[in-house]
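In: Just the structure for this:
(chains A and B)
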Amino acid sequence: MPMQTRTISDAARPRLAKGVRLQTDSTTGKNVLLFPEGIVELNETAEEILVRCDGHTLSEIVRELAEEYDADVAALAADVRETMADLQQRNLIELT
Amino acid sequence: MTAPRPYALLAEITYRCPLHCPYCSNPVSASLCEAPRRPQGGGYSQTHAQAKRELTTDEWRRVIREAAVLGVLQIGFSGGEPLVRRDLADDSIQLSFQSDNADLADEIAGAGAHQRKLNAAAKIRAAGIALSLNFVIHRRNIDRLPQIIEFAETLGAERVELANVQFYGWAFLNRAALLPTWEQVNSAREIATAAKARLAGKIDIFYVLPDYYETRPKPCLNGWGQRYLTVNPSGDVLPCPTASSAIPDLRFENVRGRALDWIWRESESFNRFRGTEWMPEPCRSCPQREIDFGGCRCQAALLTGNAANTDPVCEFSPNRSVVDEVLRDTNSSSSYRPDWTYRINPNGIR
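Out: All right, here's what the predicted structure looks like:
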């Protein structure tokens, strides 16, 4: 969703949408996202964003991940934006 | 074969309901499951008198603990009308409406419920609980799909399910009155697709196809005994909520007599259609066999008399003509029978 991607600002704060819950699957040890009548398995980027749905801004998330993974900030920012847009599109997160 | 781990449990806590919707998928013969009379503890014992009684709160607690150990991540409380029971707490609620229009909605429900549902939706919103709306779509309300979607928008739901009626239970009995025409289905598909695109990021719209009009069957349950299990009001454990009425020769185990883990892994009912070994042709050699799993076992049983047959919705099924005949009748105005039989309650509750 390229158009959507451009509209998310650095200051946007992702929050889990109402009725959505991040939970550890005790069978696999991995985090999964639960929403009414559905379960989403997460890729690494999505999981890193979702554990930071506690008031972090997009730019703070990118900065933390850049340090943690020693990754290129621009590429990382694009990846985070795209994943956030996808999660928002699917009503799993809200941006405030 | 080895059992996978389940993801979701459907807890049908009661078949009782104040409504009488003719499209209900509950068993027509569900009469038989009464409210628990007194606390009975959560153990495995079973007496004849208890056999058809609703599970108690303690029994449900035990079932839920066992389900979590088995790997279940999510539980849906369903019915009947789950709120008939007073022992329930929620963090998201799915509310079903029969239409956007009060008169039509109440006529379909066979009860004056629409206004009360509106009040309930307002209370759910005010309490900050996630709201999903469900509309069962059929011949009598499908032409109002644009208004129904608009109505859902004004109620401020996070998620809207527009579910074409599936023909099990009461709906199977009332099929001639409920199945929409080709023209209706085509128009509804366009409306739903457009709404989904327009509302993306605001409301998650989930459109359930009318499978009689498809050429390939739905991937029912993502495979029998693969991801889901249902416990019905009296504690029978079902691979699918409609299996107990649609497949009479299958015997189901009860949580009062067995541990959930054993039932999921070992019982005959869960293993009968697990995997692909049970499949007849044309499923057995079909490249789609692990995509649609041969479709729906209940539908095969209801339409062909044998649950092990290919779902007759499939264009490759030798029984597809059964579905085509139904569609032919539906689309000829002379054979349309608008009258339906309203669902009646267990215990004759009205």
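
In: Contacts only, for the closest residue to chain A within the stretch 151-300 of chain B.
Out: With CB to the nearest CB, the shortest gap between the stretch 151-300 of chain B and chain A falls at B:Asp204, namely 4.4 Å. Placement of C-beta: from N, CA and C, glycine included. Residues counted as contacts of B:Asp204 (CB atoms under 8 Å, 6 or more residues apart in numbering or on different chains) are A:Arg90, A:Asn91, B:Glu158, B:Arg159, B:Val160.

In: quick one, phi/psi of it?
Out: phi -90, psi 110 (degrees, to the nearest 10).

In: Which of the contacts of B:Asp204 fall in helices?
Out: Among those, no member falls in helices (criterion: DSSP state H).

In: so which of these is the most crowded?
Out: Of all these, the most densely surrounded is B:Val160 (27 neighbours; neighbours counted as other CB atoms under 10 Å in any protein chain shown).

In: I'd say that residue and B:Ile205 touch.
Out: Yes - shown here, B:Val160 and B:Ile205 form a contact pair, counting by CB atoms under 8 Å, at 5.2 Å.

In: and the residue of the stretch 151-300 of chain B closest to chain A, bridged to which residues?
Out: Using DSSP bridges, the beta-bridge partners of B:Asp204 come out as B:Arg159.

In: do you know how far it is from B:Ser285?
Out: B:Asp204 sits 37 Å away from B:Ser285, taking CB to CB, to the nearest Å as the criterion.

In: Following element in sequence after the helix-or-strand element of chain A with minimal mean pLDDT, please.
Out: Least confident helix or strand, chain A: helix A:2-7 with a mean of 53, by mean pLDDT, DSSP states H and E. Downstream of helix A:2-7, the first helix or strand assigned by DSSP states H and E is strand A:14-16.

In: on that earlier part again, measure the residue of the stretch 151-300 of chain B closest to chain A to A:Asn31 for me?
Out: Taking CB to CB, one finds B:Asp204 at 21 Å from A:Asn31.

In: rewinding a little: got any residues that touch both of B:Val160 and B:Ile205?
Out: By CB under 8 Å, 6+ apart, B:Val160 and B:Ile205 have these common neighbours: B:Ile149.

In: how near is B:Gly161 to B:Ser132?
Out: Gly isn't right for residue B:161; it's Glu. B:Glu161 is 7 Å from B:Ser132, where distance means CB to CB.

In: any residues in contact with both of those two?
Out: B:Gln94.

In: What sits closest to the residue in chain B that chain A sits nearest to if chain neighbours are left out?
Out: Distances between chain B and chain A by CB to the nearest CB are smallest at B:Ala130, namely 2.5 Å. Nearest residue to B:Ala130 in three dimensions, chain neighbours excluded: A:Gly19, at 2.5 Å (CB to CB, 6 or more residues apart in numbering or on different chains).

In: Can you report how many residues lie near that neighbour?
Out: Other residues lying near A:Gly19 total 22 when counted by other CB under 10 Å.

In: again, but for B:Arg337
Out: Neighbour tally, B:Arg337, other CB under 10 Å: 10.

In: same question, the one 4 residues further on
Out: For B:Thr341, the neighbour count with other CB under 10 Å is 12.

In: Surely it touches B:Phe172?
Out: No - using CB under 8 Å, B:Thr341 is not in contact with B:Phe172; the gap is 11.1 Å.

In: can you list contacts of the longest strand along chain B?
Out: Longest strand in chain B by number of residues (criterion: DSSP state E): strand B:130-137. With contact meaning CB under 8 Å, 6+ apart, strand B:130-137 is reached by A:17-20, A:36-37, B:21, B:23, B:91-99, B:121, B:124-125, B:141, B:145, B:148, B:152, B:155-165, B:180, B:188, B:210.

In: what's the residue of chain A found nearest chain B sitting at in phi/psi?
Out: Residue of chain A nearest chain B, by CB to the nearest CB: A:Gly19 (2.5 Å). Main-chain torsions, A:Gly19, degrees, to the nearest 10: phi 80, psi 0.

In: Let me see the confidence value for it.
Out: pLDDT for A:Gly19: 90.

In: Then the one 3 residues further on?
Out: Per-residue confidence for A:Leu22 comes out at a pLDDT of 96.

In: tell me which strands and helices the one helix or strand it maps to is in contact with?
Out: Here A:Leu22 sits within strand A:21-24, counting by DSSP H and E. When contacts are defined as 3 or more CB pairs under 8 Å, 6 or more residues apart in numbering or on different chains; DSSP states H and E, strand A:21-24 packs onto strand A:31-35.

In: and the helix or strand just after the strand it packs on, which residues are buried?
Out: Following strand A:31-35 in sequence order, the next helix or strand is strand A:38-41 (DSSP H and E). Neighbour counts over strand A:38-41 (16 or more other CB atoms under 10 Å in any protein chain shown) mark A:Gly38 as buried.

In: For strand A:38-41, which strands pair with it and how are they oriented?
Out: According to DSSP bridges, strand A:38-41 forms sheet pairs with strand A:31-35 (antiparallel).

In: What is the distance between the strand it pairs with and the centre of its chain?
Out: 12 Å (CA atoms, centre = their mean, to the nearest Å).

In: So for that strand, mean pLDDT?
Out: 95.

In: Need the nearest residue in space to the residue with the largest distance to the centre of chain A, chain neighbours excluded.
Out: No residue in chain A sits farther from the centre than A:Thr27, which is 22.8 Å out by CA atoms, centre = their mean. Ranked by CB to CB, 6+ apart and with sequence neighbours excluded, the top spatial neighbour of A:Thr27 is B:Gly71, at 4.3 Å.

In: and the one you found, what does it touch?
Out: By CB under 8 Å, 6+ apart, the contact set of B:Gly71 is A:Asp25, A:Ser26, A:Thr27, B:Arg5, B:Pro6, B:Tyr7.

In: Make a ChimeraX selection of the buried ones in the residues you listed.
Out: Command for ChimeraX that selects the buried part of the contacts of B:Gly71, burial taken from 16+ other CB under 10 Å:
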select /A:25 /B:6,7
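
In: The contacts of B:Gly71 in strands, which ones?
Out: Counting by DSSP E, none of the members of the contacts of B:Gly71 fall within strands.
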